[in-house]
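Undergrad: sequence below, structure please.
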Amino acid sequence: MKVISALLLVAVFWSQEWKSALSDSIIHIGAIFDESARKDDEVFRLAVADLNLNNEILETEKITFSVEFVDGNNPFQAVQEACELMNRGILALVSSIGCMSASSLQTLADAMHIPHLLIQRSPAGSPRSVCPQTSRIPGTDDYTLMVRPPVYLNEVIMQVVSEYSWQKFILFYDSDFDIRGIEDFLDRTSQQGMDVSLQKVESNINMMITSLFRTMRVEELHRYRDTLRRAVLFMSPATAKAFITEVVETNLVAFDCHWILINEEITDYDLQELVMKSIGRLTLVRQTFPMPQNTTQRCVKHNHRINTSLCDLKNARAQQLEISNRYIYDSVLLLANTFHRKLEDRKWHSMASLSCIRKNSKPWQGGKSMLDTIKKFGVSGLTSFLEFTNNGTNPNIFFEILGTNYGEDRGRGVSRLATWDPVHGLNGTLTDRKLENNMRGVVLRVATVLEEPFVMVSENVLGKPKKYQGFSIDVLDALSSYLGFKYEIYVAPDHKYGSLQPDGQWNGLMGELVFKRADVGLSALTITSERESVVDFTTRYMDYSVGVLLRKAERTVDMFACLAPFDLSLWACIAGTVLLVGILVYLLNWLNPPRLPMGSVSSTTLYNSMWFVYGSFVQQGGEVPYTTLATRMMMGVWWMFALIVISSYTANLAAFLTISRIENSIQSLQDLSKQTDLPYGTVLDSAVYDQVRSKSMNPFERDPMYSQMWRMINRTGGDTNVEESKEGIRKVKYGRFGFVWDAAVLEYVANNDEDCSFYTVSSNAPDRGYGIAMQHGSPYRDIFSQRILELQQNGDMDILKLKWWPRDSPCDLYSSVQTRQRGNALDIHSFAGVFCVLAAGVVLSCLIAMVESWWSRRKGSRVPSKEDDKEIDLEHLHRRVNSLCTEDESPHKQFSTSSVDLTPLDMDALPAARQALEQISDFRNTHITTTTFIPEQIQTLSRTLSAKAAAGFSAGFGSGGGGVLQDHRTGGVGPFRQRAPNGGFFRSPIKTMSSIPYQPTGPGPNFGYGNDPDRGTSI
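TA: Sure, this is the predicted structure:
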């Protein structure tokens, strides 16, 4: 009781002393605080108490104060309370309030000339936003001094995001944050092509997360979960702790997530709690104050000693000190030093009470002098150094960037990564070096699936581990050499990439990662949303597109390529034209017969006309002379027609024999989907299989081309699909089949085929990519992705691609036919048809010759017996020759070609007698040719031929009257004629004839005429 009584006495005594001081003191400070800023009020009172105990600053003077609390969202209340303080005679006003009320206080301070030290306070500890500019009367002074520096959060977060090379992230802000404060940041990210999403965090975070699970589908949640891997938080520490706790407990984030929390008001206590609640990587940006580590130096500032509870880092109160608390203390300290200088200069202007209500009230005349003194000097305190520029702002601000490394353990250590200030910018690096260094000595277990050319076995020695090669192996080796890790590789037990089974389990390579039997999955593994729901993928290291492998068409042998220049209808027209022109020529000559020269053996029959037209068409000339004008006009036009046709044929034939025109119907995936003749398929339960199914059945991704392909693949119950890619390639090579698979794999197969028998067709727009799969929440994903981007930027990735997909490939990947290996030389196939036509002509000629020979023998067998034929033939000879000689007196009598038809005479049965040979004679303008072997008994027959008749012969008989006849077998005048089967000779026209005058035959030498087979006569 005694102790309590003593304390009461001390309190009463102190209150009395305070009242006396308040009544006698000339230094009176007013303060207006937000209702939520109770800690600001405590620090303000503590600062006044510390300064009143310091006799070195104010000597005998003491500071008195008045404090009012207002609603930060009620500017009218703030102005009303400020007017009340001014009525009490304050020399300066200190406020810790938000932007809405601060602008009203700023206007009032300018009107009353009261120095106003404003500590901008954000509601509920959210990050600050730039306050809107207050409209001021031009030429008036600004009596409001911004104790807290300008807001630099936009500049700092932009620098941090750029250092981390983020291109896509989500930005969360709480309900108390004014989003207008980050408009500049959003504009800059948009200009740099960053994909930034915005989401407001409601006060009831649990309800917000629950609504996400209730309204989103599984696929949307997977995409949202992937978005949460990179996030920026603009919220108070309390809201950030609650939000991080909720998303971690609901498994919306994994151990590979990276979040950035930016807020000036993050205490050390808040920092520890945030690190404890988060997983993955956490980066924090907060305002800091450069202070000495020594406690004495931190607490003693020039001529003032700061309260130990505020400056000693070991003190719990100092650790929970807010930014605004520090500026409140330094503001009071700055005013105390200003009052000290004003008292020394003896330029003190006492202040009477001011009235804000009366219109004729004048402002404080000493306000301008007080304001200039505050701006002129600064003070060292809890915020390092507080001073003002000419425009009334505090230029001294520093940010520190703290962060943790990736890891699954909570409560990881926090280290300072870098600092930032408006003058020097970022000082330090944000690269996670700890992860890079720690991978040296790390051994990763890699699961794979063999797929050319991504992963292949290069060496398989019994008793030793298999060695692998391929494009994906080269990428893994490049990462290993840079990051320093080692790896052990094995093939997935079922040799499959993996798919979700009906029981909800994954098989294949994906199952190895899901069940954490492998750290990394590597092969021709495409990034899909279904796979990303259970594993993590790095950024794509190669684009992916769907293609189809087809077998090149064999070159067909066209035996009649020589007919290809003209269409069948044109050939028919040409053949009809030849017949038509031949008939017209014959008719023109029949209507107006030409006058043929002496000794001409040509005739204008229909057969000869046809032969002449055909010969001129093939440029081989003709035999029949045409002298009439009409016929010559017709032939001139025909020759012009033939010249044009033959020239066009020759030019077109050269093009057809040197250029292969083989059309193939499949030149794109669209062509493949439209046809139904060629079956095609893919690997069951593969990424290609799922893609075709998704784009054919999903209403949001439906594609008519993929819909048709899906129906074709499953039209026979899926029999066209295969279990492995090698099986599909084998079906293409040895059958009629199209294999739909990864375009990169198919291009490698086509490039390395020995026969170059494949060609590929693929889509031009890649919609996916190949990535390296890792366990869900792997801490290595980001550093792998970063290194892959570096390989792509410096061109190393392109060099690795050229190793497996060279540009100078020996095979043509896009030609649907077998290409020639040596120039454009023509082969036997190009002229096979010509040789066939020639062979057919030879065979036909031989058949005709055989038929003619058979017909001649058949006619010869019908000749009467030799005994009867003697008199018949002789009488026939006498009758026909006499009629020819006596019918016309003209020596130029023209005979028709069919007017004389004498049967050969068989003279074998005549008695032996002397025989005279008469030479061959051709009748003028006829086709009559005589070759006569006349026995001596009938030599008088020739002598009876009158001179008139003899003039009709172009070749006379042998010399008479003892003249010696020349033997036709020993170089006689007439040409030698072939023997007839009956002993005579066939007649044949003679193209060239020699005119021999007729001479009567006389007695000649005797010839033996026994049974000589040469005897006979043929006319």
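
Undergrad: so Met635 makes contact with Gly615?
TA: No: counting by C-beta atoms under 8 Å, Met635 stays clear of Gly615, with 11.5 Å between them. (Each C-beta comes from the backbone N, C-alpha and C, glycine too.)

Undergrad: show me what Phe234 is bridged to.
TA: When bridges are called by DSSP bridges, Phe234 pairs up with Tyr173.

Undergrad: quick check: it touching Pro127?
TA: Yes: using C-beta under 8 Å, Phe234 makes contact with Pro127 at a distance of 5.2 Å.

Undergrad: shared neighbours of these two, which are they?
TA: 153, 177, 262-263 (C-beta atoms under 8 Å, 6 or more residues apart in numbering).

Undergrad: so can I have TSV of these showing pLDDT, distance to Asp142 and neighbour count?
TA: Converted to TSV, those look like this (pLDDT from 0 to 100; distance: C-beta to C-beta, whole Å; neighbours: other C-beta atoms under 10 Å):
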residue	pLDDT	distance to Asp142	neighbour count
Leu153	92	24	23
Phe177	90	27	24
Ile262	94	29	23
Asn263	92	28	25
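
Undergrad: Ala418: which of the residues you listed is nearest?
TA: Comparing these against Ala418 with C-beta to C-beta places Ile262 closest, at 13.5 Å.

Undergrad: before we move on, the earlier item: among the shared contacts of Phe234 and Pro127, which ones are in strands?
TA: Ile262 (DSSP state E).

Undergrad: and the shared contacts of Phe234 and Pro127, which is closest to Cys562?
TA: Among the shared contacts of Phe234 and Pro127, and counting by C-beta to C-beta, the member closest to Cys562 is Ile262, at 83.4 Å.

Undergrad: and Val514, what does it touch?
TA: 505-506, 534-535, 776.

Undergrad: now those residues: which count as buried?
TA: Listed as buried from the contacts of Val514 are 506, 534-535, 776; burial here means 16 or more other C-beta atoms under 10 Å.

Undergrad: and Met709, how many neighbours?
TA: Met709 has 25 neighbours, counted by other C-beta atoms under 10 Å.

Undergrad: kindly report the same for Leu186.
TA: Counted by other C-beta under 10 Å, the residues lying close to Leu186 total 15.

Undergrad: how about Asp742: what's its closest non-neighbour residue?
TA: Ala524 (5.6 Å; C-beta to C-beta, 6 or more residues apart in numbering).

Undergrad: the one you found is in contact with Tyr770, isn't it?
TA: Yes: if you go by C-beta under 8 Å, Ala524 and Tyr770 touch, sitting 6.2 Å apart.

Undergrad: more neighbours: which of those two?
TA: Ala524 (26 against 23).

Undergrad: would the more buried one count as being in a helix?
TA: No: counting by DSSP: H, G, I helix; E, B strand; the rest coil, Ala524 is located in no helix; its state is coil.

Undergrad: so for it, what's the pLDDT?
TA: Ala524 is assigned a pLDDT of 87 by the prediction.

Undergrad: if we can go back for a sec, which of the shared contacts of Phe234 and Pro127 sits closest to Asp187?
TA: For these, the nearest to Asp187 is Leu153 (14.4 Å; C-beta to C-beta).

Undergrad: ok, the closest one - contacts?
TA: Taking C-beta under 8 Å, 6+ apart as the criterion, Leu153 is in contact with 127-128, 181-182, 185, 234, 262, 264, 285.

Undergrad: okay if I get these as TSV plus distance to Gln192?
TA: Listed next are the contacts of Leu153 as TSV, based on distance: C-beta to C-beta, whole Å:
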residue	distance to Gln192
Pro127	22
Arg128	24
Gly181	19
Ile182	15
Phe185	11
Phe234	19
Ile262	18
Glu264	25
Val285	19
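
Undergrad: the strands in the stretch 251-400 of the chain, which residues?
TA: Along the stretch 251-400 of the chain, the stretches classed as strands by DSSP state E, counting those that start in this stretch are 258-262, 281-288, 300-301, 304-305, 379-381, 384-386, 398-403.

Undergrad: out of those strands, nearest to Ala651?
TA: Nearest to Ala651 among the strands of the stretch 251-400 of the chain is strand 258-262 (72.1 Å), distances taken as C-beta to C-beta.

Undergrad: in terms of secondary structure, what does that closest one contact?
TA: Applying 3 or more C-beta pairs under 8 Å, 6 or more residues apart in numbering; DSSP states H and E, one finds that strand 258-262 contacts helix 153-163, strand 230-234, helix 237-249, strand 281-288.

Undergrad: so which of those comes closest to Cys836?
TA: Using C-beta to C-beta, the helices and strands packed on strand 258-262 put strand 230-234 closest to Cys836, at 75.0 Å.

Undergrad: overlap in contacts of Ala524 and Tyr770?
TA: Each of 454, 472, 744 lies in contact with both Ala524 and Tyr770 under the rule C-beta under 8 Å, 6+ apart.

Undergrad: for those residues, which one is nearest Gln77?
TA: Ser472 (68.8 Å).

Undergrad: touching, that closest one and Phe454? I think so.
TA: Yes: here Ser472 reaches Phe454: they are 4.2 Å apart, a contact under C-beta under 8 Å.

Undergrad: joint contacts of the two?
TA: Common neighbours of Ser472 and Phe454, using C-beta under 8 Å, 6+ apart, are 523-524, 770.

Undergrad: and those residues, which is closest to Asp141?
TA: The closest of the shared contacts of Ser472 and Phe454, once distances to Asp141 are taken by C-beta to C-beta, is Tyr770, at 66.6 Å.
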